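Colleague: predicted structure and sequence below. I'll ask about it afterward.
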Amino acid sequence: MKIGKVPETVLKRAVLGQIHNRREEVLLSASVGEDCAAVAVGDDEILVMSTDPITGTVQDIGNLSIQITMNDLASAGAEPFGVMLTVLLPERISEQKLHRMIQQAEEACAKVNVQIMGGHTEVTKAVNQPLISVVGVGKAKKGRLITTAGARAGMDLIVTKWVGIEGTSIIAKEKEVELLEHFSQSFIDQAKSFDQMLSVLPESAVAVKYGVEAMHDVTEGGIFGALWEMAEASGVGLEIDLKKIPIRQETIEVCEFFGINPYELISSGCMLMAAADGNTIVRELEKQGIHAVVIGKATRGNDRILYSDNENRYLEPPKSDELYKVV
């Protein structure tokens, strides 16, 4: 199999198809496109959990490991409060690099008032670069849980910030020397700074307040992957205006330089939402300084259509993220 997410057909056959045992306390469980699990822990409270590994970069691994998990919890409308870290290290790692990784993670946790509650740290021959796997824990009130599967025909689809910002930042950091042959230092520094926009907690809080029905953090597979996963989880079709999908010029140019598709590039910091009244949510997000755009609608049936200048094409299931072609 190719590097990246396991293909959806394999996921359904080899993973989801083997999970049969069920507990009544589990309110949200493993399925295509869902980022979290949820468990009832009281009359009016839900425990929400997410897990993610960071494998596509090393430079900012501590920070990214926390950001991505916080975003998964935010996409479920949950308030994060703790994480557990499994840190797997190659033999050549130095104590200084380990110190920096955990320092990054702690700084990211402190910004959102989340505690590192525990975990495991190990040097192993099983990895050739540092790997951090995070379990995040949050809480939500009953009846307030948001899922990827909440989109319904007729709902507006909203994208926040810009697609590809995470991948652009990673590539700018990991491939700076190569990029300097074609771009200015100021251009590369701007692309690197996109890592300051990776949290989706602010837009999640606004969207929950103003009637969002589904949310999905746009990660591996980019916006095309996230659109497919929301449609698949919700059982809807899509009509998406490709020209309305927000994208930064830096992302376009970096992707052109490496010959990759920006719409299939890892995009943490960008949230995909579905709501009956998308324009209201966009207005409220803009009031908070968060860029957002209605890019299309959910439809009846299974056709997932991308259109641009009267040229239509069908969305395909997610493929390996474009980031792996570069770093």
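Modeller: Perfect, I can see it now.
Colleague: doesn't Ala274 make contact with Met230?
Modeller: Yes - shown here, Met230 and Ala274 form a contact pair, counting by Cβ atoms under 8 Å, at 6.8 Å. C-beta coordinates here come from the backbone N, C-alpha and C atoms, glycine included.
Colleague: common neighbours of those two, please.
Modeller: Contact criterion Cβ atoms under 8 Å, 6 or more residues apart in numbering; residues shared by Met230 and Ala274: 151, 157, 214.
Colleague: which ones among those residues lie within strands?
Modeller: Counted as lying in strands by DSSP state E, out of the shared contacts of Met230 and Ala274, are 157, 214.
Colleague: output the shared contacts of Met230 and Ala274 as a markdown table; include the columns pLDDT and distance to Lys5.
Modeller: Shown next, in a markdown table, are these (pLDDT from 0 to 100; distance: Cβ to Cβ, whole Å):
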| residue | pLDDT | distance to Lys5 |
| --- | --- | --- |
| Ala151 | 97 | 20 |
| Leu157 | 98 | 21 |
| Ala214 | 97 | 20 |
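Colleague: and which of the shared contacts of Met230 and Ala274 is nearest to Ser29?
Modeller: For the shared contacts of Met230 and Ala274, the residue nearest Ser29 by Cβ to Cβ is Ala214; the value is 16.8 Å.
Colleague: give the bridge partners for the closest one, please.
Modeller: According to DSSP bridges, the residues that bridge with Ala214 are Thr147, Ala274.
Colleague: ok, it - how many residues close by?
Modeller: Other residues lying near Ala214 total 25 when counted by other Cβ atoms under 10 Å.
Colleague: what's near enough to touch it?
Modeller: With contact set as Cβ under 8 Å, 6+ apart, Ala214 has these partners: 146-151, 155, 230, 234, 273-274.
Colleague: and if we set it to 10 Å?
Modeller: 33, 75, 146-152, 155, 157, 207, 230, 233-234, 236, 272-275, 298 (Cβ atoms under 10 Å, 6 or more residues apart in numbering).
Colleague: how about whatever helix or strand Ala110 lives in: buried residues?
Modeller: Taking DSSP states H and E as the definition, Ala110 sits inside helix 95-111. Neighbour counts over helix 95-111 (16 or more other Cβ atoms under 10 Å) mark 98, 101-102, 104-106, 108-109 as buried.
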